[in-house]
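> Sequence and predicted structure are below.
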Amino acid sequence: MLPPETLARAPKVLHALRMQGWMLVTAESCTGGLIAAALTSVAGSSDVFDRGFVTYSNCAKTQMLGVAHELIVRHGAVSEHVARAMAEGALANSSAQIAISVTGIAGPGGGSAKKPVGLVWFAWAIAGATTAVSHVFPGDRAAVRAACVDIAFNLLCAAAQRDI
């Protein structure tokens, strides 16, 4: 469940994308579709939201988004490389003009010294340009996932405003 303040930001994100005339596609792993759910909870979002891919498993990332299995083996599912490939694959497999992807370790287990619990990679792709950033979030699984939605909303708004 997302906090009400996060859900309240969804219309602003949709408005920013709408002003660009952009359709959005999401490629979500650790968030399990929370970004898509938050955006589609807003009536009329279908003019901005094209589709969402929930690619929780590595197999789904490969089958649905075309992420190379070798890329996952070499860098891990939680990596800049895979986040970029997810965003690019989502864009290529949709009618959208902007894609956002998220892949991370929400916890409570699964972390390591190199990739701690709370590490999340985000990537967004617009017309052949892909950018990625990472964050390490504190808190439990629910807090990490909610923080991911907030960051995704920030990134989408910033991308839309830069392109105006």
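Good, I have the coordinates.

> Just confirm S95 contacts W22, I think it does.
No - counting by C-beta atoms under 8 Å, S95 stays clear of W22, with 10.8 Å between them. Yep, even glycine has a C-beta here, placed from its N, CA and C like the rest.

> Of the two, give the one with the bigger neighbour count.
W22 (18 against 9; other C-beta atoms under 10 Å).

> I'd guess the more buried one is in a strand, am I close?
No - secondary structure of W22, determined by DSSP: H, G, I helix; E, B strand; the rest coil: coil, with no strand assignment.

> Could you measure from it over to Q63?
Plainly put, W22 is 26 Å away from Q63 if you go by C-beta to C-beta, to the nearest Å.

> just E88 next, same as before
E88 is 15 Å from Q63, where distance means C-beta to C-beta.

> okay, those two: which has more neighbours?
Using other C-beta under 10 Å as the criterion, E88 and Q63 rank with E88 on top: 20 against 11.

> can you pull out the strands in the protein?
Remark: strands assigned in the chain by DSSP state E are 24-28, 49-54, 98-104, 119-126, 129-136.

> Dump those strands to JSON lines, plus distance to S79, mean neighbour count and mean pLDDT.
Shown next, in JSON lines, are those (distance: least, C-beta to C-beta, whole Å; neighbours: other C-beta atoms under 10 Å; pLDDT from 0 to 100):
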{"stretch": "strand 24-28", "distance to S79": "14", "mean neighbour count": "29", "mean pLDDT": "98"}
{"stretch": "strand 49-54", "distance to S79": "18", "mean neighbour count": "20", "mean pLDDT": "98"}
{"stretch": "strand 98-104", "distance to S79": "8", "mean neighbour count": "29", "mean pLDDT": "98"}
{"stretch": "strand 119-126", "distance to S79": "6", "mean neighbour count": "24", "mean pLDDT": "98"}
{"stretch": "strand 129-136", "distance to S79": "9", "mean neighbour count": "14", "mean pLDDT": "97"}
